[in-house]
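> Next comes the sequence, and after it the predicted model I'd like to discuss.
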Amino acid sequence: MAHVRVNNARKDYGAFKAIKGVSVDIRDGEFVVLVGPSGCGKSTLLRMIAGLEGITSGDIQIGKHIVNDLAPKDRDIAMVFQNYALYPHMTVAKNMGFSLRLKRMPKAEIDRRVGNAAKILGLENLLERYPKQLSGGQRQRVAMGRAIVRDPAVFLFDEPLSNLDAKLRVQMRSEIKEMHQRLQTTTIYVTHDQIEAMTMADKIVVMKDGLIEQSGSPLELYDQPANLFVAGFIGSPAMNFIKGSMTNAGFRTTDGIVLPSGQHPAAAVTYGIRPEDIRLVQNGIAVETVVVEPTGSETMVIVRLGTQTVTCVFRERIRAAPGDVLHIAPADEAVHLFDKSGERIAR
Ligand code: ATP
């Protein structure tokens, strides 16, 4: 059993502040995803938890212990990296059992653990193969197997799927989630891919510039983003942001088009609406079609609203060509308003 607590942790590389005072609480058994753009510090934070980076100040607690001064091998964690370098001269079984042999665990126990992990990961028929005889997805599974056999208190994943092609990534992310449901081991997972974060996490921690912007369940972040950054980062295609100001009649865009907003806080200067929350309606706002992209199940349409562009996703097939006029309406209850500092104005 292990919860993980990061308490006001900082990491300086010389004058550069990579982590600027971050606190996170991770419950026992929770699957937490650290997400954010390149350079935001998510790998650094994970490596601080792993003990691969020292911390400049603050505390890291795993289970009952403050582990600031413990070596990685003494922290009861297992880490899976993006570059999961398997030993090329060892079979899958030997690769998976390697760390246990180092610990001089009895052979029968190693075989039992390797067999068990192979079963969980569907590697039973590949145990005698060498890494070069495996596909990318199979190699990634072996790398996870190496972590599972150690039966750690915490799994740490650093972008484990980023070397795989899109289809395999989708498959592996359900496998990792299934593995977590089965083993219930506390897991901290780093990715820059917000869809991976949305689909896998119990809790998402959104980072930017060495700080946490918001943390919460995937749907909390989607429905109640704290600010423009989180609103734009979570959700795909991204939320539309329309500039303007508030009037008693609704939100007036910089081109003078009035959009219904359901509420009229005077501080609102940005109107946010997700592409999937825009409907086609007769008597809606007339907009000019710029791009139409059918995906089969839905149609993405980029339209011009005055001088601003807006992305819409309609859950229907529509016949429209560039230049055509469509009539749209945002769903009132789905409008997000933001003030000058970028904070979302709560309803
Ligand atoms: P990515 O998705 O690109 O891996 P990240 O969010 O994981 O990004 P980190 O690798 O944690 O980012 O890096 C955070 C910041 O710290 C970056 O600006 C990076 O250049 C800097 N950094 C990381 N390691 C060092 C180091 N050893 N020395 C100096 N700066 C570093």
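Good, I have the coordinates.

> Tell me how far the residue nearest to residue 215 when sequence neighbours are not counted lies from the ligand.
Excluding the flanking residues, the one nearest residue 215 by C-beta to C-beta, 6 or more residues apart in numbering is residue 205, at 4.3 Å. Bear in mind the C-beta positions are built from the backbone N, C-alpha and C, glycine included. Applying C-beta to the nearest ligand atom, to the nearest Å, the value for residue 205 to the ligand is 12 Å.

> Partner strands of the helix or strand harbouring residue 205, with direction?
Counting by DSSP states H and E, the element that carries residue 205 is strand 203-208. Take DSSP bridges as the rule and strand 203-208 pairs in its sheet with strand 31-35 (parallel), strand 211-216 (antiparallel).

> For the last one, buried residues please.
This means strand 211-216. Using 16 or more other C-beta atoms under 10 Å as the test for burial, strand 211-216 gives 212-216.

> picking up where we left off before, what's the closest of the strands paired with strand 203-208 to the ligand?
Checking those against the ligand by C-beta to the nearest ligand atom gives strand 31-35 as the closest, at 8.2 Å.

> returning to that earlier point: mean pLDDT and distance to residue 128 for the strands paired with strand 203-208 - can I get that in a markdown table?
Listed next are the strands paired with strand 203-208 as a markdown table, based on pLDDT from 0 to 100; distance: least, C-beta to C-beta, whole Å:
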| stretch | mean pLDDT | distance to residue 128 |
| --- | --- | --- |
| strand 31-35 | 98 | 32 |
| strand 211-216 | 98 | 44 |
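
> how about those strands in a markdown table, adding distance to the ligand?
Formatted as a markdown table, those follow (distance: least, C-beta to the nearest ligand atom, whole Å):
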| stretch | distance to the ligand |
| --- | --- |
| strand 31-35 | 8 |
| strand 211-216 | 12 |
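
> what about those strands, which gets the closest to residue 261?
With C-beta to C-beta as the criterion, residue 261 lies closest to strand 211-216 of those, at 22.5 Å.

> Could you find the closest non-adjacent residue to residue 232?
Closest residue in space to residue 232, ignoring its immediate chain neighbours: residue 238 at 5.2 Å, by C-beta to C-beta, 6+ apart.

> And that neighbour, how far from residue 190?
To residue 190, residue 238 is 21 Å away according to C-beta to C-beta, to the nearest Å.

> Could you check which of the two has the larger neighbour count?
residue 190 (26 against 15; other C-beta atoms under 10 Å).

> tell me the contacts of that one?
For residue 190, the contacting residues are 33-35, 42-43, 46, 157-159, by C-beta atoms under 8 Å, 6 or more residues apart in numbering.

> Secondary structure class of residue 263, three-state.
Secondary structure of residue 263, reduced to three states by DSSP: H, G, I helix; E, B strand; the rest coil: coil.

> Could you pull out the buried residues of the strand or helix carrying residue 197?
Following DSSP H and E, one finds residue 197 within helix 194-200. Of all the residues in helix 194-200, those buried under the rule 16+ other C-beta under 10 Å are 194, 196-198, 200.

> Let me see the residues that make contact with it.
Contact with helix 194-200 is made by 31, 33, 35, 161, 169, 173, 176-177, 189, 191, 204, 218, 222, 233-236, as judged by C-beta under 8 Å, 6+ apart.

> Report how many residues lie close to residue 69.
Look at residue 69: counted by other C-beta under 10 Å, it has 9 neighbours.

> For the ligand, see how far away it is.
To the ligand, residue 69 is 20 Å away according to C-beta to the nearest ligand atom.

> what do you get for residue 275?
In terms of C-beta to the nearest ligand atom, residue 275 sits 25 Å off from the ligand.

> How many residues are close by that residue?
20.

> What separation do you get for it and residue 289?
14 Å.

> Repeat that for residue 86.
50 Å.

> Residue 179 too?
As for residue 179, its distance to residue 289 is 45 Å (criterion: C-beta to C-beta).

> again with residue 190
Distance from residue 190 to residue 289, by C-beta to C-beta: 39 Å.

> Same check on residue 102?
According to C-beta to C-beta, residue 102 stands 63 Å off from residue 289.

> same check, this time on residue 186
49 Å.

> So if I had to pick from the two, which one is more boxed in?
residue 186 (25 against 18).
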